[in-house]
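1. Curious how this folds, go ahead:
(one chain, ligands or ions: 1)
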Amino acid sequence: MPRPRAENPRNAFASVRLTAEERAEMEMAAERLGFGSLSEYLRHLHARAKADAVEPESNGHALARTYPASGIRTFHKSRLGRMLCGDARCHLMNGAAEQSVDLIMTSPPFGLVRKKTYGNEDAHRYCDWFRPFAEGFRRVLKAGGSLVIDIGGAWKPGTPTRSLYHFELLLMLCEDYGFHLCQEHYWWNPSKLPTPAEWVNVRRVRVKDAVNCVWWLSPTPWPKASNRRVLAPYSASMRDLLKHGYKARLRPSGHQISDKFGKDNGGSVPPNLLAVANTESNGRYQDYCRRNGYPIHPARFPEEVPEYFIRMLTDPGDLVLDPFAGSCVTGAVAEQLGRRWTCCELDEEFLKGAMARFVPAVQVHNQSGDLFPAAGGSALRKKAVTYSINPPCSVAVSEGDVPLIEDGGLTRPRVSAKRKTVKQAPRVAAG
Ligand SMILES: C[S@@+](CC[C@H](N)C(=O)[O-])C[C@H]1O[C@@H](n2cnc3c(N)ncnc32)[C@H](O)[C@@H]1O
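-> Residues are numbered from 1 along each chain as shown. Predicted coordinates:
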């Protein structure tokens, strides 16, 4: 098929005079950053220069003035890290040294979209709010470092449709700040309740929303990483295969599976779906907060999420930064794994509660609530928990008895008190 014609074809040429050294250097830089040609690299440099010229507020110098080092202070120091209290932008633009961080592991606030009518306009607003952080991330991250953002989706109020804000954020980080999407991950929380109940349980037109997106990005396509650090136990069938051997053959998919498939690599490479229940409600952290009257952070991620990325993307001694620290889970895990760390948090009350993770010594709960004291700060130890997911469509349903909801859930069904059956009711506005 002939290629479609470009509307604005790039057929104007400009010759750029360079020394052989300059050319080699530029080609290397282009390749390192993942550009296919010098032309693409030059266009990217030009776009950044243009953005700096027309948007002085997003320019590094202006941001450094707007967010002075005095906007953040040390709250607590541990053996390997420190909690900073104040605006993370002050640390990103002033406090932290340029190109000093190996991994930014974070979960930014997304509640702030919820309060508004987060349609498209608010997705843009979220991106605009995020820009100074993105600028700071570029400033402090090492070239071979990684940026990992755990970000939950959001529903638009009043309709069973989703905000695009986290996708817009991803596009902005890649297109405007030159990050590369190394791999999207999804954190599946098996204990997530079926919300929003209105769409899932009452009108029955959507399913349970149980995954968060986790964007793994890097300034280059080649951040340091090894999946050998995050292996999962082999399945029973794989263990059997390793024991009894495997005959090389063609799979129904057409893939040739060689006899190397039968090699024991110590564990299986996990998928990009992290199955971790977020159920901790009576751990040491909560007890400490309740005892001392500190607020329990409402949006914590479980240790397993930062643990996975810290292990896969950093070495002991590397520096991990969480600019939106909350209850400082990232810092506690980094400390356990022998990484240096910095956590920034605006709200001092959350940091007071986060101290539970550091006094008198770092201690970690597993998902069953068992407490493991840090073994010389060397590693997190916990029992492996396996979750299974039941296949949908495996309960027999007579389609004739279950009509589709023709109006897509626009009208709210009425529950008959007598028979507890659900009937379609006249239109009522959702929300
Ligand atoms: C989703 S929570 C992070 C929770 C954390 N991952 C945990 O497990 O506890 C986001 C946090 O970012 C903090 N925050 C918001 N804006 C900030 C800023 N400019 N600088 C530092 N922290 C900020 C909020 O106070 C909130 O505690």
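
2. what does the stretch 51-200 of the chain have sitting close to the ligand?
-> Residues of the stretch 51-200 of the chain lying close to the ligand (C-beta under 6 Å from any ligand atom) are 87-89, 107, 109. Heads up, the C-betas are built off the backbone N, CA and C, glycines and all.

3. Scan these and report the most crowded one.
-> residue 88 (28 neighbours; other C-beta atoms under 10 Å).

4. if I pick residue 386, what's in contact with it?
-> With contact set as C-beta atoms under 8 Å, 6 or more residues apart in numbering, residue 386 has no partners.

5. The stretch 201-350 of the chain: helices as residue ranges?
-> If DSSP state H, counting those that start in this stretch is used as the criterion, the helices of the stretch 201-350 of the chain fall at 236-244, 284-292, 304-313, 329-336, 348-354.

6. before we move on, the earlier item: in helices, which of the residues of the stretch 51-200 of the chain next to the ligand fall?
-> 88-89 (DSSP state H).

7. so can I have JSON lines of the residues of the stretch 51-200 of the chain next to the ligand showing pLDDT?
-> Converted to JSON lines, those look like this (pLDDT from 0 to 100):
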{"residue": "87", "pLDDT": "96"}
{"residue": "88", "pLDDT": "97"}
{"residue": "89", "pLDDT": "96"}
{"residue": "107", "pLDDT": "97"}
{"residue": "109", "pLDDT": "91"}
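
8. got the contact list for residue 10?
-> By C-beta under 8 Å, 6+ apart, residue 10 lies in contact with residue 39.

9. Residue 26 too?
-> Residues in contact with residue 26 (C-beta under 8 Å, 6+ apart) are 18, 38, 41.

10. for those, which one is nearest the ligand?
-> Taking C-beta to the nearest ligand atom as the measure, the ligand lies nearest residue 41 of the contacts of residue 26, at 32.6 Å.

11. tell me which element the closest residue to the closest one other than its chain neighbours falls in.
-> Of all residues not flanking residue 41 in the chain, residue 30 sits nearest, at 3.6 Å (C-beta to C-beta, 6 or more residues apart in numbering). Using DSSP states H and E, residue 30 sits in helix 20-32.

12. where's the residue in the stretch 51-200 of the chain that the ligand sits nearest to relative to residue 326, distance?
-> Closest approach between the stretch 51-200 of the chain and the ligand, counting by C-beta to the nearest ligand atom: residue 88, at 3.5 Å. For residue 88, the distance to residue 326 equals 12 Å [C-beta to C-beta, to the nearest Å].

13. same deal with residue 344?
-> Taken as C-beta to C-beta, the span from residue 344 to residue 326 is 10 Å.

14. So for the two, which sits in the more crowded spot?
-> It is residue 344, of residue 344 and residue 326, that has more neighbours when counted by other C-beta under 10 Å, with 26 against 23.

15. for the more buried one, what are its contacts?
-> Counting by C-beta under 8 Å, 6+ apart, residue 344 touches 72, 83-88, 91, 321-325.

16. Kindly report the same for residue 227.
-> Each residue near residue 227 by C-beta under 8 Å, 6+ apart is listed here: 269-270, 312.

17. would you turn these into TSV with pLDDT and distance to the ligand?
-> Shown next, in TSV, are the contacts of residue 227 (pLDDT from 0 to 100; distance: C-beta to the nearest ligand atom, whole Å):
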residue	pLDDT	distance to the ligand
269	93	26
270	94	21
312	98	18
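
18. Tell me the most packed of these, by neighbour count.
-> Neighbour-wise, the contacts of residue 227 (other C-beta under 10 Å) top out at residue 312, 19 neighbours.

19. wait, doesn't that residue sit right on residue 229?
-> Yes. In this structure residue 312 lies within contact range of residue 229 using C-beta atoms under 8 Å: 5.3 Å.

20. got any residues that touch both of those two?
-> Joint contacts of residue 312 and residue 229 (C-beta under 8 Å, 6+ apart) do not exist.

21. Quick check, pLDDT for the residue nearest to residue 89 when sequence neighbours are not counted.
-> Distances taken as C-beta to C-beta, 6+ apart place residue 67 nearest to residue 89, at 4.1 Å, with adjacent residues excluded. What the model reports as pLDDT for residue 67 is 92.

22. mind listing what the closest residue to residue 267 other than its chain neighbours touches?
-> Closest residue to residue 267 apart from its sequence neighbours, by C-beta to C-beta, 6+ apart: residue 231 at 2.9 Å. Contact analysis of residue 231 by C-beta under 8 Å, 6+ apart lists 265-270.

23. Residue 284: which of the residues you listed is nearest?
-> residue 270 (27.5 Å; C-beta to C-beta).

24. pretty sure the closest one is touching residue 229, no?
-> No. In this structure, residue 270 is not within contact of residue 229 by C-beta under 8 Å, at 10.7 Å.

25. And the residue nearest to residue 89, how close does it get to residue 243?
-> According to C-beta to C-beta, residue 67 and residue 243 sit 59 Å apart.

26. neighbour-wise, which of the two wins?
-> residue 67 (23 against 9).

27. Residue 70: what's it in contact with?
-> Here residue 70 is in contact with residue 90 (criterion: C-beta under 8 Å, 6+ apart).

28. run the last query once more with 7 Å
-> Contacts for residue 70 were tallied using C-beta atoms under 7 Å, 6 or more residues apart in numbering; there are none.

29. let's have the chain start at 54 instead
-> All right, first residue 54 from here; so that's residue 123.

30. Report pLDDT for it.
-> According to the model, residue 123 carries a pLDDT of 92.

31. Can you report phi and psi for it?
-> Backbone torsions for residue 123, taken as degrees, to the nearest 10, come to phi -70, psi -10.

32. Next one: it from residue 215, what distance?
-> 40 Å.

33. Just name the most buried of the helices of the stretch 254-403 of the chain.
-> Between the helices of the stretch 254-403 of the chain, helix 382-389 has the highest mean count of neighbours, a mean of 28, where neighbours are mean count of other C-beta atoms under 10 Å.

34. phi, psi of the residue in the chain that the ligand sits nearest to?
-> Taking C-beta to the nearest ligand atom as the measure, the point where the chain comes nearest the ligand is residue 379, at 2.5 Å. Backbone geometry at residue 379, expressed as degrees, to the nearest 10, gives phi 60, psi -120.

35. Fine by me, we can end here.
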